[in-house]
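**Student:** Predicted model, plus sequence, below.
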Amino acid sequence: MTVNTRLRALATKKNLFISLTFIASIGVGYSLWHWLSEPKTEKVDAKTDSIAVVPVISKILFREDQLPGEINAYQDVIVYPKIPGFIKWLGVDRGSVVKKDQLMATMYAPEYLAKRNEALARIAAAKASVAAEESSLQDIQAELKKSQADLLADQSTYQRVNAASSAPGVIADNDVVQWSQTVEIDKQEVNALTKRVNAKAHEVAMRKEELQAKAKAYTSFADFASYLEIRAPFDGYITERKLHTGSFVGPDGSGAYPPICRIKQLNLLRIVAPVPEVDTPGVVPGSQVKFSVSTFPGQMFTGTVARIGNSLDKDTRTMPVELNYFNPDYKILPGMFCKVYWPTRRHESSLFVPTTAVVSTPLETFVCRVKGDIIEWTSVSTGQVMDGMVQVFGDLNEGDLVARQASEELENQSRVKTRVITK
């Protein structure tokens with residue numbers, strides 16, 4: 001056998017081996033695919049032939065939820081002066097206890113003193129002007145009265161002369177004409193003085209209005225002395241002090257001035273609890289609510305529902321509810337970590353099942369109700385949870401039996417054996 005023949009024989013055997021290997025691989029792959037795709041049947045243990053069912057019960061929802069609370073002072077005020085000035089005396093510091101209207105600080109404001117004195121000078125000048133105008137009015141009124149008296153006298157003389165002139169040769173005609181002209185002159189003078197009196201009276205009225213306007217403008221300085229005294233707005237506790245004697249300070253919003261101090265009312269506190277939307281119907285003003293603080297572990301405190309927000313936060317879907325807590329010994333302080341044990345209750349009873357009896361899928365939420373030995377998937381909507389049970393709303397009645405451990409494996413309309421669990 002030649003070399004070429006031997007090589008061809010080896011090549012043929014190699015190709016045959018590759019072909020057989022390929023065919024064997026296809027066979028193994030097909031067998032594996034067939035085994036994987038073949039439906040499996042599992043053996044069911046005899047103990048699982050029956051399922052546990054529980055009755056649907058009716059009860060009133062009542063539970064306590066732990067909510068994060070916020071403790072605030074009942075009143076919290078940052079103290080600013082009404083006018084800018086220098087602190088002359090400061091009688092409180094951090095930790096001071098103050099009473100309402102207690103003097104806390106005094107101020108000195110030279111600029112406002114100058115403005116006050118200027119306003120007083122303007123009022124004095126306005127009063128002098130009014131007095132001068134009134135005196136001038138009185139002089140003109142006196143002249144008017146004299147002219148009126150002269151007119152009456154000249155009219156009386158003219159009437160007698162005119163009557164006597166009716167007898168020939170008694171009174172010359174020229175005298176009658178002169179007295180007639182005298183009366184006319186007196187009338188003109190009376191009219192002129194009357195106009196001057198009216199004009200001067202109007203001027204006096206304007207001066208008085210100017211005086212009243214300046215007096216009203218001075219009212220902003222009338223209480224100037226009270227502005228220089230800073231008093232406590234309520235009984236409270238000084239928690240911050242920002243300035244000292246000699247510091248310059250101004251009203252809030254008029255510049256970059258720090259406050260003088262901060263006062264908080266600590267004998268009464270606000271406990272703010274964010275109540276979830278589903279619990280808002282149970283908020284009752286005046287009800288007692290317990291809370292705890294981390295400073296006193298194991299100790300419970302009681303507040304009273306005093307104020308309701310009546311508006312939900314869009315982000316958290318909660319409603320702020322405020323409790324009042326009387327704190328005369330300052331035992332609890334604003335800012336402490338707080339847990340509120342919020343009582344959730346309903347006045348009407350509703351149906352409950354164990355939480356494990358409810359199946360939730362992307363398509364529906366249901367319970368496996370058992371009638372006789374047939375499973376029925378009954379669509380429900382769930383409410384709140386209490387003691388391992390959940391509210392359900394749907395085509396259910398009190399006493400209906402449902403699978404305690406429900407799942408999609410309990411097929412709808414399938415037959416099962418049941419054992420009733422009452423606890």
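**Tutor:** Yes, it's here. Numbers count the residues shown, from 1 in each chain.
**Student:** From the chain's centre, how far out is stretch 330-340? Work that out for me.
**Tutor:** Put simply, stretch 330-340 sits 21 Å off its chain's centre (Cα atoms, centre = their mean, to the nearest Å).
**Student:** ok, and the closest non-adjacent residue to residue 361?
**Tutor:** With sequence-adjacent residues excluded and distances taken as Cβ to Cβ, 6 or more residues apart in numbering, residue 361 is closest to residue 408, at 7.0 Å. (Each C-beta comes from the backbone N, C-alpha and C, glycine too.)
**Student:** burial count for the residue nearest to residue 279 when sequence neighbours are not counted?
**Tutor:** Among residues not flanking residue 279 along the chain, residue 344 sits closest, at 4.9 Å (Cβ to Cβ, 6+ apart). Residues within reach of residue 344, counting by other Cβ atoms under 10 Å, total 18.
**Student:** which stretches of the stretch 1-150 of the chain have low pLDDT?
**Tutor:** Where the stretch 1-150 of the chain drops to pLDDT under 70, the residues are 1-49.
**Student:** again with the stretch 201-350 of the chain
**Tutor:** 220-223, 253-255.
**Student:** again, only this time at 80
**Tutor:** Within the stretch 201-350 of the chain, the stretches with pLDDT under 80 are 216-226, 252-256, 278-279, 281-282, 344-347.
**Student:** ranges for the helices of it?
**Tutor:** 224-227 (DSSP state H, counting those that start in this stretch).
**Student:** Please name the nearest non-neighbouring residue to residue 215.
**Tutor:** Among residues not flanking residue 215 along the chain, residue 123 sits closest, at 6.0 Å (Cβ to Cβ, 6+ apart).
**Student:** For that neighbour, which residues are in contact?
**Tutor:** Residue 123 makes contacts with 211, 214, 215, 218, as judged by Cβ atoms under 8 Å, 6 or more residues apart in numbering.
**Student:** My read is that the residue nearest to residue 279 contacts residue 65, right?
**Tutor:** Yes: between residue 344 and residue 65 there is a contact under Cβ atoms under 8 Å: 5.7 Å.
**Student:** list the residues that contact both of those two?
**Tutor:** Contacts common to residue 344 and residue 65, judged by Cβ under 8 Å, 6+ apart, are residue 279.
**Student:** sorry, back to before: element containing the residue nearest to residue 361?
**Tutor:** Taking DSSP states H and E as the definition, one finds residue 408 inside no helix or strand.
**Student:** That one touches residue 362, doesn't it?
**Tutor:** No: in this structure residue 408 lies outside contact range of residue 362 using Cβ under 8 Å: 11.7 Å.
**Student:** Strands along the stretch 251-400 of the chain, start to end?
**Tutor:** Assigned by DSSP state E, counting those that start in this stretch, the strands in the stretch 251-400 of the chain fall at 261-264, 268-276, 288-293, 301-308, 318-326, 337-354, 358-360, 365-371, 374-386, 389-394.
**Student:** what's the closest of those to residue 159?
**Tutor:** Ranking the strands of the stretch 251-400 of the chain by proximity to residue 159 (Cβ to Cβ) places strand 261-264 first, at 87.4 Å.
**Student:** Pairing partners for that closest one, with directions?
**Tutor:** Paired with strand 261-264 in the same sheet, following DSSP bridges, are strand 76-79 (antiparallel), strand 236-241 (antiparallel).
**Student:** Can you give me the distance of residue 321 to residue 111?
**Tutor:** To residue 111, residue 321 is 48 Å away according to Cβ to Cβ, to the nearest Å.
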